[in-house]
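> I'll drop the sequence and a predicted model, then ask my questions.
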Amino acid sequence: MAKKACKTCKILVEGNKCPLCQGNQFSESLKGKIIVLNAEKSEIAKKIGIKIKGEYAIKI
C-alpha cells in the first residue's frame, strides 16, 4: 500500500485516518519528502512547524 500525504499536516500515512490531526483528506500526489527523527533538535522541522517525528511531504 502506497503512503498518502495528509492535506492538513502533510504527514505520510498508510491508513485512512491521520494520526496527528485525525483528518481523512489525503493526496497521493506529492513532490519530495522529509524524514524528521528528532523534531526538537531539527532546524528544518522548526522552520516548517513540525513538532512530532515522522515522514512528511514537502509539497502536495
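Alright, I've got the coordinates. Numbering: from 1, shown residues only.

> Return the set of buried residues in the worst-scoring helix or strand of the chain on mean pLDDT.
Across the helices and strands of the chain, mean pLDDT, DSSP states H and E gives its lowest value to helix 43-48, namely a mean of 92. When burial is assessed from 16 or more other Cβ atoms under 10 Å, helix 43-48 yields the following buried residues: residue 45. Placement of C-beta: from N, CA and C, glycine included.

> same for it, what does it pack against?
strand 31-36 (3 or more Cβ pairs under 8 Å, 6 or more residues apart in numbering; DSSP states H and E).

> For the residue nearest to residue 34 when sequence neighbours are not counted, which residues are in contact?
Spatial nearest neighbour of residue 34, excluding adjacent residues (Cβ to Cβ, 6 or more residues apart in numbering): residue 56 at 5.1 Å. Going by Cβ atoms under 8 Å, 6 or more residues apart in numbering, residue 56 touches 5, 9, 10, 11, 12, 33, 34, 35, 36, 48, 50.

> My guess is the third one contacts residue 60. True?
Yes. With contacts defined as Cβ atoms under 8 Å, residue 10 counts as touching residue 60 at a distance of 6.4 Å.

> When those two are compared, which one has more neighbours?
residue 10 (23 against 14; other Cβ atoms under 10 Å).

> give me phi/psi at the more buried one?
phi 70, psi 10 (degrees, to the nearest 10).

> which residues of this protein score low on pLDDT?
1 (pLDDT under 70).
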